[in-house]
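>>> Coordinates only, no sequence provided:
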DNA sequence: CAAGCATATAATGATATGCTTATATACGCA
DNA sequence: TGCGTATATAAGCATATCATTATATGCTTG
């Protein structure tokens, strides 16, 4: 028998639809292990800043991510308290780590660190 | 450490995008435990036959489902040999069983059985 | 306060999606 | 062979999605 908590089908499809975009899916995988700010994503995805901002807004609207302003920057992180977090997590764990993107950022001196 | 086989991000997002539609997601969950033919889906989803047919084609195009003609009917079933089946399975197991739909079909005498 | 960087929002346009209706194809049976 | 049922395909349309550019807002610092 299985004691998994299940996710309502409507809600599940809404989540999967949002994750069904390569940019957002990669964002989520990255955020699983690193906090990132908007400008880091712009550098990683080589995409316009508004495009990044809009993707992040969608993720935030359904509370998959949290945002926090620190001075000039806005940092995003995974919301581990999301009602469906176990579901999300089980998806993300099937995806390859995205450490190269972060490493590349650091190599280019583009990684933002505010203590 | 984790020994999970990972799914390439592009491919994963393509899969999630297809599953990010409530009709197709429900279809997959149903197919996980029951073979179904097209006309059964039409009855379950109360949607036009071409609409159903088009959803099934999308699922079949990326080989998530197999089809098999039996006389007049075309039956669909889950493709357990799909390269990313473990990934798919881990998603489906978070979804509630859809047994009522099937029970309802049977109650209405609409369940197709061809031994 | 003005300038500069980071981010958000608005408006717009190209393309994708998901349905509909109309029609074609396939099978079973009288 | 011809009709009825099941399914597939095509064409058309409304809406959604995802990018872009232009502009607004917010913070930091001289």
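Received the coordinates, thanks. Quick caveat, the model's predicted, so the values are computed rather than measured.

>>> What mean pLDDT does stretch A:98-106 get?
The average pLDDT for stretch A:98-106 rounds to 89.

>>> what residues does chain A put near DNA strand C?
Contact residues, chain A versus DNA strand C (CB under 7 Å from any atom of the strand): A:37-39, A:42, A:49-50, A:53-54, A:56-57, A:67, A:72-74. Where C-beta positions appear, they are placed from N, C-alpha and C, glycine not excepted.

>>> Top of those residues by number of neighbours, please.
residue A:56 (22 neighbours; other CB atoms under 10 Å in any protein chain shown).

>>> Next, the contact list for that one, please.
Applying CB atoms under 8 Å, 6 or more residues apart in numbering or on different chains, one finds that residue A:56 lies in contact with A:27, A:38, A:41, A:65, A:67, A:76.

>>> Would you mind measuring from the most centrally placed residue in chain A to residue A:46?
The residue lying closest to the centre of chain A (CA atoms, centre = their mean) is residue A:28, at 2.6 Å. The gap separating residue A:28 from residue A:46 is 18 Å, by CB to CB, to the nearest Å.

>>> Next: residue A:78.
Taken as CB to CB, the span from residue A:78 to residue A:46 is 23 Å.

>>> More neighbours: these two, which one.
The neighbour comparison of residue A:78 against residue A:46 (other CB under 10 Å) goes to residue A:78, with 23 against 6.

>>> which residue sits closest to the more buried one, ignoring its sequence neighbours?
Ranked by CB to CB, 6 or more residues apart in numbering or on different chains and with sequence neighbours excluded, the top spatial neighbour of residue A:78 is residue A:31, at 4.7 Å.

>>> hang on, that neighbour packs against residue A:79?
No - Residue A:31 is beyond contact range of residue A:79, at 9.3 Å (criterion: CB atoms under 8 Å).

>>> list residues touching both of those two?
residue A:65.
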